[in-house]
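Asks: Turn this into a structure:
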Amino acid sequence: MGESGYGNVWDLETALEHVGVGRFQWIALAMCGMANAADAVEILGMSLVLPAAGDDLDLTAAGKSALSSCIFVGMLLGGLLWGPLGDAMGRRLSLVIALAVNASFGMLSAAAQGVGSLVLLRLLAGVGVGGSVPVVFSFLAELLPSRSRGRFMVGLAAHWMVGSIYSAGLGWALIPTQGWRAFLVLAALPAVVAAIGTLLLLPESPRHLLVHNRVEEAEQTLRYMVTINRRTLPANITLQHQHLMTADSLVHSHSLDTEMTPMIETHGNQHSTDIQLRSSGQSPNGSMLPSKGSQLPTGSGGKDCTYSPSWHSWLQQITAGLQAAGSTAQLLLRPPLWCRFGPLLIAWIGMCGGWYSTVLWIPEYFKARGAGEASLYAEAFAVAAANLPGNIASIYMVDMLGRRITACVCLAGACVCALAFAAAPAAPFWSVFAACMFNAISVGGWNALDLLSAELFPTEVRSTAMGLLGATGRLAAFTTTLLAGALMGFRLWAPLIVAAGMLAAGSMAMLMLPETSYKPLEDTVKDAAAAEPGSIANSR
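Replies: Next comes the predicted model:
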C-alpha cells in the first residue's frame, strides 16, 4: 500500500482484503457450488440410469459403454470451447450459458426413444458440464481474498458431494418407482437454479474486468461487494495494477475491450493502471455505497453491473476468444507456465482416469457381486455420502499441509483403496466398505487439485488453462471408462488395477508443483514470470 495524488494506492488483492468475507462471498459460494453440484448430478446420474435404461432400451454392453462415456466427449468439447470464452467474455456470462446448455439437453434426454438419441443428448449435456467446470473455479477464486480462498474453494469443490448425494438420493427414490426418465428431468434442476441465481445475484469478476481494462465496471463490482458485506472503505482509494496488458497478453484483449480502455501509463516495459474508487456514493460513516446511477446486479434491484453488450458484440467476443485459444495454449506450453501446466496435466489425467473409471462402474460392480435393485441404489447412496468426512478433512488439510501435499497424499490413498476394492471379498459389505473408503479419500485429492489448478495460473489465462486441463482429463476419463467396461468382461478386478496405476502417477506429479497457500493470485503472465525462483523481481 502507498500514497499518490489520489490518496491511498491499493492493488486489487489489498482491496479484496478490505472488502472482507461476508454475505457476498457466501452467496457466491452458494451459486458456484450449485453449479458444481449440477455437474456432479449430470456425470454420476448416468451410472444410476444404466441398470434401468439397459432393460428398457435393450442395451448391449457396447451401448452401456457408449452411454457411460459419451458425456466425457461432450465435456472435452465444452472445456476446449468454454475455457477461452471464459477468459474472453467473462466468467459470469459464460457460466450462465454453460449451465443453460447442461440443463436443456439434460432434460431433453429424458424423452430419448433409442440409444442413439440418448447418447447424442447426453453428449450435448456434457458440453455444458465441461464448459462450467473451468469457469466456476476461476470465478469464485477471483472473488476471494488470499487468506480465505482455501476454505471457500474447498467448499466449492465439496458441492460435488452435494450433487452426488442429490443424484443418489433422487435415483433411490425415483428410478425404482417412477422410472429413469423422471429422474433425468429432476436431475437438471440444480443447473437451472445455478443459472438463474448466477444471472441475478453475481457480478462479473473484478480481476477479469481489471485485466481487460474495464476499470469502471471493476470499480462498480467492488462497490457492490462492499455494500452486500456491509463493510466500509476509506475515501479516495486508488487501485493500481502492475503489468496490466503486457506484451505477452492474449490476442483477444485489444479487440474485446476497445470501448472501455482506461488511461494507461507506460514506463519502459512496465504497465500500470490507476483507478480511483470515486466516493460519490459514500455514506456519512465512510461506507462505499453505490453512487447515484451505479449499476448493480439485476437481483439487487438495480441495473446489471456487468458489461451487457449486444448479441453482435457477444458474437464478436466469442469469435475473438476462439481465435485467441491457440495463442493461450502456446503461453501454457512455454516458460514460465509450462513447469506448472505439465505436472498438472499428468495429475488431471491420473485423477480423472483413475477416479471415473472406478466410480461410474460402481453400481455394475455391486450388481455383479449380488446386489439386488433396491440395495443397489442404497449402496450407491452410501458411497456418495462417504464424501462427507473427506470434504471436512480437506478443508483443514489444504491450509495446514498445503495444496500439493494434500493432493499427493489423497491420490496415493485412493490408489491403495482401489487395490483394496479389487481384492475385496465378494460379500456385499466389503465391496461397499472399500468403495466408501475410495470415495472418502479421493475427494480430498479432487478438492486440492481443483484449488491448486485455479491458483497456479494468472487471470488472463486461468479459465483457458482450467478448460484444457479439464478437457484432457475428460479424454482420459472417456478412454479409461470404455476400457473398464471391456476389462470387466475379462476380470472384475482388472479395471481397478489400471485405476490404481493412474492415481499413483497423479500423486507423484503433484510433488513437482509449487505451493500456493495464502499467496495472492497472479493476473498476467508477466506476474507469473516475476514469481519464478531466480527472477529479478522475485529476488528483490
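Asks: in whatever helix or strand Ala38 lives in, what's buried?
Replies: Element membership of Ala38, judged by DSSP states H and E, is helix 23-56. For helix 23-56, a neighbour-count test (16 or more other C-beta atoms under 10 Å) marks 24-25, 27-54 as buried. Every residue, glycine included, has its C-beta placed from N, CA and C.
Asks: Also stretch 435-454?
Replies: Those would be 435-454, for stretch 435-454 by 16+ other C-beta under 10 Å.
Asks: same check, this time on stretch 206-213
Replies: Neighbour-count burial for stretch 206-213 [16+ other C-beta under 10 Å]: 206-213.
Asks: Can I get these in a markdown table including pLDDT, distance to Phe490 and secondary structure?
Replies: Below are these laid out as a markdown table (pLDDT from 0 to 100; distance: C-beta to C-beta, whole Å; DSSP: H, G, I helix; E, B strand; the rest coil):
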| residue | pLDDT | distance to Phe490 | secondary structure |
| --- | --- | --- | --- |
| Pro206 | 92 | 53 | helix |
| Arg207 | 91 | 50 | helix |
| His208 | 91 | 49 | helix |
| Leu209 | 89 | 54 | helix |
| Leu210 | 87 | 55 | helix |
| Val211 | 88 | 51 | helix |
| His212 | 85 | 52 | coil |
| Asn213 | 84 | 57 | coil |
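Asks: centre of the chain versus stretch 93-107, how much separation?
Replies: 14 Å (C-alpha atoms, centre = their mean, to the nearest Å).
Asks: Alpha carbons only: can I get it in CSV?
Replies: Provided in CSV are the C-alpha atoms of stretch 93-107 (Å, rounded to 0.1, in the frame of the first residue of the first chain):
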residue,chain,number,x,y,z
LEU,A,93,-22.0,-14.8,-18.7
SER,A,94,-20.0,-17.9,-19.9
LEU,A,95,-21.0,-19.8,-16.8
VAL,A,96,-24.7,-19.0,-17.2
ILE,A,97,-24.7,-20.1,-20.9
ALA,A,98,-22.9,-23.4,-20.0
LEU,A,99,-25.4,-24.2,-17.2
ALA,A,100,-28.3,-23.4,-19.6
VAL,A,101,-26.8,-25.9,-22.1
ASN,A,102,-26.4,-28.5,-19.4
ALA,A,103,-30.0,-28.1,-18.1
SER,A,104,-31.6,-28.0,-21.6
PHE,A,105,-30.1,-31.1,-23.1
GLY,A,106,-30.2,-32.9,-19.7
MET,A,107,-34.0,-32.6,-19.6
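Asks: Just the ones of the buried residues of stretch 435-454 in helices?
Replies: Using DSSP state H, the subset of those located in helices is 435-454.
Asks: Torsion angles phi and psi at the residue nearest to Ala28 when sequence neighbours are not counted?
Replies: Excluding its sequence neighbours, the residue lying closest to Ala28 (C-beta to C-beta, 6 or more residues apart in numbering) is Leu143, at 5.2 Å. Here is the backbone geometry of Leu143 (degrees, to the nearest 10): phi -100, psi 0.
Asks: now Leu143: how far from Val21?
Replies: Per C-beta to C-beta, to the nearest Å, Leu143 is found 10 Å from Val21.
Asks: Which one's more surrounded, these two?
Replies: Leu143 (26 against 20; other C-beta atoms under 10 Å).
Asks: That one reaches Ser205, doesn't it?
Replies: Yes. In this structure, Leu143 is within contact of Ser205 by C-beta atoms under 8 Å, at 6.4 Å.
Asks: Just the CA atoms of the strand or helix carrying Gln220, as PDB, please.
Replies: Per DSSP H and E: Gln220 is located in helix 215-229. The C-alpha coordinates for helix 215-229 follow below in PDB (Å, rounded to 0.1, in the frame of the first residue of the first chain):
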ATOM      1  CA  VAL A 215     -12.000  -0.300 -15.000                       C
ATOM      2  CA  GLU A 216     -15.300   1.400 -14.300                       C
ATOM      3  CA  GLU A 217     -17.000  -2.000 -14.000                       C
ATOM      4  CA  ALA A 218     -14.300  -3.300 -11.700                       C
ATOM      5  CA  GLU A 219     -15.000  -0.300  -9.500                       C
ATOM      6  CA  GLN A 220     -18.700  -0.900  -9.600                       C
ATOM      7  CA  THR A 221     -18.200  -4.600  -8.700                       C
ATOM      8  CA  LEU A 222     -16.100  -3.800  -5.700                       C
ATOM      9  CA  ARG A 223     -18.600  -1.200  -4.500                       C
ATOM     10  CA  TYR A 224     -21.400  -3.700  -4.800                       C
ATOM     11  CA  MET A 225     -19.300  -6.300  -2.900                       C
ATOM     12  CA  VAL A 226     -18.700  -3.800  -0.100                       C
ATOM     13  CA  THR A 227     -22.400  -2.900   0.100                       C
ATOM     14  CA  ILE A 228     -23.500  -6.600   0.400                       C
ATOM     15  CA  ASN A 229     -20.900  -7.300   3.000                       C
END
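Asks: which other helices and strands contact it?
Replies: helix 12-19, helix 23-56, helix 206-211, strand 237-242, strand 270-277 (3 or more C-beta pairs under 8 Å, 6 or more residues apart in numbering; DSSP states H and E).
Asks: Which of the buried residues of stretch 206-213 sits closest to Thr481?
Replies: Using C-beta to C-beta, His208 comes nearest to Thr481 of the buried residues of stretch 206-213, at 33.7 Å.
Asks: for the closest one, what are its contacts?
Replies: Shown in contact with His208 (C-beta atoms under 8 Å, 6 or more residues apart in numbering): 87, 90-91, 142, 459.
Asks: Name the helix or strand of the protein that has the lowest mean pLDDT.
Replies: When the helices and strands of the chain are scored by mean pLDDT, DSSP states H and E, strand 265-267 comes last with a mean of 35.
Asks: picking that back up, for the helix holding Ala38, the averaged confidence score.
Replies: Mean pLDDT, helix 23-56: 89.
Asks: After it, which helix or strand is next?
Replies: helix 61-89.
Asks: Beyond that following helix, next helix or strand please.
Replies: helix 91-108.
Asks: Whichever helix or strand comes after that following helix: which residues count as buried?
Replies: Later in the chain than helix 91-108, the nearest helix or strand by DSSP H and E is helix 115-141. For helix 115-141, a neighbour-count test (16+ other C-beta under 10 Å) marks 115, 118-141 as buried.
Asks: re the thing from before, mind giving me the ChimeraX command for buried ones among the contacts of His208?
Replies: To isolate the buried members of those in ChimeraX, using 16+ other C-beta under 10 Å:
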select :87,90,91,142,459
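Asks: Reformat the contacts of His208 as a markdown table; add distance to Gln178.
Replies: Putting those into a markdown table (distance: C-beta to C-beta, whole Å) gives the following:
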| residue | distance to Gln178 |
| --- | --- |
| Asp87 | 42 |
| Gly90 | 39 |
| Arg91 | 37 |
| Glu142 | 41 |
| Thr459 | 45 |
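Asks: Go through the contacts of His208 and name the one nearest Asp58.
Replies: Nearest member of the contacts of His208 to Asp58, counting by C-beta to C-beta, is Arg91, at 43.4 Å.
Asks: Identify the residues contacting Ala182.
Replies: Per C-beta under 8 Å, 6+ apart, neighbours of Ala182: 110, 174.
Asks: Go ahead and confirm Ser68 touches Thr480.
Replies: No. Contact criterion C-beta under 8 Å: Ser68 and Thr480 do not qualify, at 11.1 Å.
Asks: For Ala427, grab the count of nearby residues.
Replies: Ala427 has 11 nearby residues by other C-beta under 10 Å.
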